[in-house]
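Asker: Need the 3D shape of this:
(one chain, ligands or ions: 2)
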Amino acid sequence: MGYVERLSTGVQGFDELLAGGIPRGFFVAVTGEPGCGKTIFALHFAAQGVREGDKVIYVTTEESRESIVRQAAQFGWDFKKALEDRRLVIIDALLRERGDPWSLVEVTVEELIDKVIEAKRYLGYGRARLIIDSMSAFWLDKPVMARKYSYQVKRVLSRWDFTALLISQYAITTMQAYGWGLEHIADGIIRFTRRLAGGRLRRYVLVEKMRQTPHDLHLWEIDIQPGKGMVLLGKTQLRAEDVSLPEEVYERIARRGEPK
Ligand SMILES: Nc1ncnc2c1ncn2[C@@H]1O[C@H](COP(=O)(O)OP(=O)(O)OP(=O)(O)O)[C@@H](O)[C@H]1O
Ligand SMILES: [Mg+2]
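Answerer: Ligands and ions are numbered 1, 2, ... in the order given. From the prediction side, this is the model:
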């Protein structure tokens, strides 16, 4: 097997689950229920990029740019400075303020792609990280488009030297197709989940898929700690096949969500 350049996630201990990190150029789906740590994981990835001198583009649809900067500051990362130093662009797709050069006016995939390319040009050449938090916003009123939009984003943006985290919400209980199309085109899937155990909320992470990588197959318990961010607590006894849907169920759901 040839040499694979890998990017650190910035979460202590997590890279080891991925044989060293996320392969350069990969588009990785990050899924999970609300409040289970997806954004915080993405912030780690962004902060690590800034630290390593990568160009970092963070598209935020659920929170404002201000909120992202504030959340990062809680864990000791100075995103304000990174913005000023042209190491980071935060594209705000929530407030959509006219006159702000890094806002989306319409939340469409076309505008997203154009804005991301513009941001990449602004940041200049070199290895780049892209975070889209979240992709679900782009197919909110038309979930059947998930697969087509995901494919479009990957096809166009993979030419720009991005290693990308594409976040999507996930609701197993309703079996909604949100995000399924995304998981289909992704080179990797990192799934966050949470459950109540012993009267306390516990959070977990699982690497469901990572091409070209002998990745860990366990469900890991995680915690989010003030001043520190995401911490791996330890592996549980559960393995991927205990908590994932069988492959044929994925296939069936993906087919059902296909555009006519
Ligand atoms: N500074 C902090 N210190 C400790 N825990 C925090 C801190 N900030 C957030 N958290 C915890 O992290 C949780 C939110 O995590 P995060 O924003 O990554 O979730 P998410 O998966 O992105 O959710 P959503 O789908 O709603 O965007 C909060 O509910 C809180 O429990
Ligand atoms: Mg979030």
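
Asker: How about the residues of the chain by ligand 1?
Answerer: Taking CB under 6 Å from any ligand atom as the test, the list of the chain residues beside ligand 1 reads 32, 34-40, 62, 74, 169, 224-226. Bear in mind the C-beta positions are built from the backbone N, C-alpha and C, glycine included.

Asker: and stretch 98-108, average pLDDT?
Answerer: Per-region confidence: stretch 98-108 scores 93 on mean pLDDT.

Asker: Now tell me what touches that stretch from outside.
Answerer: 59, 61, 65, 89-93, 95-97, 111-112, 115, 119, 137-138 (CB atoms under 8 Å, 6 or more residues apart in numbering).

Asker: Tell me which residues of it come out buried.
Answerer: W102, S103, L104 (16 or more other CB atoms under 10 Å).

Asker: With stretch 157-168 instead?
Answerer: L157, W160, D161, F162, T163, A164, L165, L166, I167, S168.

Asker: where's that stretch relative to the chain centroid, distance-wise?
Answerer: 9 Å (CA atoms, centre = their mean, to the nearest Å).

Asker: where does the stretch 151-260 of the chain dip in pLDDT?
Answerer: Flagging of the stretch 151-260 of the chain using pLDDT under 70 yields the residue ranges 171-180, 239-260.

Asker: Which residue ranges of it form helices?
Answerer: 180-185, 240-243, 247-256 (DSSP state H, counting those that start in this stretch).

Asker: what packs against the first one?
Answerer: Looking back up the chat, that one is helix 180-185. strand 27-32, helix 146-157, strand 162-169, helix 247-256 (3 or more CB pairs under 8 Å, 6 or more residues apart in numbering; DSSP states H and E).

Asker: so which of these comes closest to A82?
Answerer: strand 162-169 (16.9 Å; CB to CB).

Asker: Which strands or helices does the closest one pack on?
Answerer: So strand 162-169, by 3+ CB pairs under 8 Å, 6+ apart, packs with strand 27-32, helix 38-52, strand 128-133, helix 146-157, helix 180-185.

Asker: now what about it, what contacts it?
Answerer: Strand 162-169 is touched from outside by 7, 22-34, 38-39, 41-42, 45, 57, 120, 127-136, 150, 153, 157, 178-179, 182-183, 186, with contacts defined as CB under 8 Å, 6+ apart.

Asker: now swap in stretch 71-81 and tell me
Answerer: Against stretch 71-81 from outside (CB under 8 Å, 6+ apart): 39-40, 43-44, 46-47, 50, 63, 68-69, 88, 90, 226-229.

Asker: are any of these buried, and which?
Answerer: Neighbour-count burial (16+ other CB under 10 Å) applied to these gives 39-40, 43-44, 46-47, 50, 63, 68-69, 88, 90, 229.

Asker: any chance of those in TSV, plus distance to T193?
Answerer: Shown next, in TSV, are the buried ones among the contacts of stretch 71-81 (distance: CB to CB, whole Å):
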residue	distance to T193
T39	15
I40	14
L43	19
H44	18
A46	22
A47	23
V50	28
E63	21
I68	23
V69	27
L88	29
I90	27
G229	18
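
Asker: check which helix or strand covers I68.
Answerer: Under the criterion of DSSP states H and E, I68 resides in helix 65-74.

Asker: what is the orientation angle of that helix with strand 128-133?
Answerer: 110 degrees (axes from the mean of the first three to the mean of the last three CA atoms, to 10 degrees).

Asker: buried ones in helix 65-74?
Answerer: R65, I68, V69, Q71, A72.

Asker: any idea which helix or strand comes after that helix?
Answerer: helix 79-84.

Asker: That next one - what's its average pLDDT?
Answerer: The average pLDDT within helix 79-84 is 98.

Asker: so after it, what's the next helix or strand?
Answerer: strand 88-92.

Asker: And that following strand, what does it pack against?
Answerer: Counting contacts by 3+ CB pairs under 8 Å, 6+ apart, strand 88-92 packs against helix 38-52, strand 55-60, helix 65-74, helix 79-84, helix 109-123.
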